[in-house]
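[1] Any chance you can model this:
(one chain, ligands or ions: 3)
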Amino acid sequence: MNAWPNRIDWSALDEAERERLLRRPAQAVSAQVQADVAGILDQVRAHGDAALRALSLRFDGVAPEDFAVGPEEFAEAESVVPLELRVAMIAAAQRIEAFHEDGMQAPYAVETAPGVVCERVVRAIGRVGLYVPAGSAPLPSTALMLGVPARLAGCREALLCTPPRRDGTADPAVLVAAKLCGISRVYKLGGAQAIAAMAFGTGSIARCDKLFGPGNAFVTEAKRQVSMRADGAAIDMPAGPSEVLVIADAGANAAFVAADLLSQAEHGPDSQVVLLSDDAALLDAVEAQLQAQLPHLPRNAIARQALAESRLIRVDALDTAFDISNRYAPEHLILALRDPRAWLDRVQAAGSVFLGDWTPEALGDYCSGTNHVLPTGGAARAVSGLGVASFQTTISVQAAQPRGIAAIGPCAIVMAEAEGLDAHRNAVAMRLAETAA
Ligand SMILES: NC(=O)c1ccc[n+]([C@@H]2O[C@H](COP(=O)([O-])OP(=O)(O)OC[C@H]3O[C@@H](n4cnc5c(N)ncnc54)[C@H](O)[C@@H]3O)[C@@H](O)[C@H]2O)c1
Ligand SMILES: N[C@H](CO)Cc1c[nH]c[nH+]1
Ligand SMILES: [Zn+2]
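    Numbers count the residues shown, from 1 in each chain. Ligands and ions are numbered 1, 2, ... in the order given. Got it, this is the predicted structure:
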């Protein structure tokens, strides 16, 4: 079977075809998924833990009496996770921390007029709910990507939900990663029911102020729906099926490019990978490499499905490739170019950018230090990836002295009169009169 049927010449397409091509396979969440998720949220809202048990049995094949991971399971996890993996996770966590520390929101103060000081103060969000996927593959790296910034921000409490395995336990590496981030409240819950539990609270799960983390269509749709309910919770971003877009020139290494495309295609059948190049020979070589590498991947059936909905596009010039990429706004953008940094200013919308032949996207997934929880589905046009700031709120503060209101009060009066809001006008005028007395 041809691994990649979607070979396209951009210049031969009309505008409608281009628009259609840039749509994600999972973009239109089916009405069925929306309805299923709404039903799950209602069930958890109404019946709490009893609903969680029934839903876990239905979707994950287990109905634990207690969702919380206890001390014995944490201890068992510590004993079964290989030392090599623990050491790698510690090193990754250190680099993630080093990068994220500089991204903390900082307080500041500005005297905007004599006697008027405006400030921004920073607070950590109180209780946060973290979701670590484990449906198709458990992702302990995601526990680090969520837990490290939550700890840096100083959140009072962090809960973590991850789907149970068939035997009712949690993935041991996810537990070790959680512990490395100082998280001890871990619940074996997956899918939309986990999101509902953290958003609404149940007898055993505390209600969270904000939910974080990636997931499949059910998780992503549940986050969207709880963020719109008055009794729900805030969310970080739409972080759904993984995507990568590669812009490659004639000098790119075809084997590297194919490996990068496959590394995102293997996440799930609804992942999407896109290659743009101005060089037909490079496109041929990458296609051959895909065919060569694919059979050796244990998850080749998944990757094959993702590739069937992916694109390999010939463009007339690299400049056109950047126009297309900005329109598509990929989660990950790899610039397999000879002078990638020179092109960086052309990037307007992307979750995370990887410069040059020696920066595979997998480095960012695990251990370069950047966060791998990133906006998908084109959300990168206006939404940023996860950082410490996502776990913080800022509050503006202002203080005016009598000489301050004397300085700017007249400005407020003119504007209040223009808006016809007399009470506003009076609140200022009354004080102005006192300062003048
Ligand atoms: N954008 C990002 O930052 C980012 C990062 C990492 C992973 N991801 C993506 O996260 C996703 C992880 O998905 P996953 O499925 O492996 O794990 P998951 O943990 O998101 O989902 C598994 C859960 O889905 C629920 N579920 C399964 N079938 C269902 C059904 N028919 N109805 C209702 N609920 C159902 C089950 O309860 C199960 O526990 C992948 O698409 C991956 O690409 C994205
Ligand atoms: N590429 C994923 C985000 O789209 C993150 C991840 C975790 N593990 C491997 N990859
Ligand atoms: Zn990945």
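
[2] mind listing the strands for the stretch 201-350 of the chain?
    210-212, 234-235, 243-248, 272-277, 311-314, 332-336 (DSSP state E, counting those that start in this stretch).

[3] Could you export the ones you listed as a markdown table, including distance to ligand 1, mean neighbour count and mean pLDDT?
    For the C-beta atoms, the positions are set from N, CA and C on the backbone; glycine is no exception. Below are those laid out as a markdown table (distance: least, Cβ to the nearest ligand atom, whole Å; neighbours: other Cβ atoms under 10 Å; pLDDT from 0 to 100):
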| stretch | distance to ligand 1 | mean neighbour count | mean pLDDT |
| --- | --- | --- | --- |
| strand 210-212 | 10 | 26 | 98 |
| strand 234-235 | 13 | 20 | 98 |
| strand 243-248 | 8 | 27 | 98 |
| strand 272-277 | 10 | 26 | 97 |
| strand 311-314 | 18 | 21 | 95 |
| strand 332-336 | 9 | 27 | 98 |
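
[4] The ones you listed into TSV, with extra columns for distance to ligand 2?
    TSV is the format used below for the strands of the stretch 201-350 of the chain (distance: least, Cβ to the nearest ligand atom, whole Å):
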stretch	distance to ligand 2
strand 210-212	14
strand 234-235	17
strand 243-248	7
strand 272-277	11
strand 311-314	18
strand 332-336	7
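
[5] okay if I get these as TSV plus distance to residue 59?
    Compiled in TSV, these are given as follows (distance: least, Cβ to Cβ, whole Å):
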stretch	distance to residue 59
strand 210-212	18
strand 234-235	21
strand 243-248	25
strand 272-277	25
strand 311-314	32
strand 332-336	29
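
[6] closest one to residue 288 among those?
    Of all those, strand 311-314 sits nearest to residue 288, with 11.7 Å by Cβ to Cβ.

[7] From the contact counts, what lies against that closest one?
    strand 7-9, strand 272-277, helix 280-293 (3 or more Cβ pairs under 8 Å, 6 or more residues apart in numbering; DSSP states H and E).

[8] Let's have those in CSV, adding distance to residue 205.
    Output for the helices and strands packed on strand 311-314, formatted as CSV (distance: least, Cβ to Cβ, whole Å):
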stretch, distance to residue 205
strand 7-9, 47
strand 272-277, 33
helix 280-293, 42
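
[9] low pLDDT regions in the chain?
    Applying pLDDT under 70 to the chain flags residues 1-5, 26-29.

[10] Let me see the domain layout of it.
    31-105+125-237, 240-384, 401-436 (automatic domain parsing).

[11] Can you add distance to residue 390 and give those domains back as TSV?
    Output for the domains of the chain, formatted as TSV (distance: least, Cβ to Cβ, whole Å):
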stretch	distance to residue 390
domain 31-105+125-237	5
domain 240-384	8
domain 401-436	34
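
[12] which stretch among those comes nearest residue 24?
    domain 240-384 (5.4 Å).

[13] what about the closest one, distance to the chain center?
    From the chain centre to the centre of domain 240-384 is a distance of 17 Å (Cα atoms, centre = their mean, to the nearest Å).

[14] Between its first and last residues, how far does that domain reach?
    Domain 240-384 has an end-to-end distance of 14 Å (criterion: Cα to Cα, to the nearest Å).
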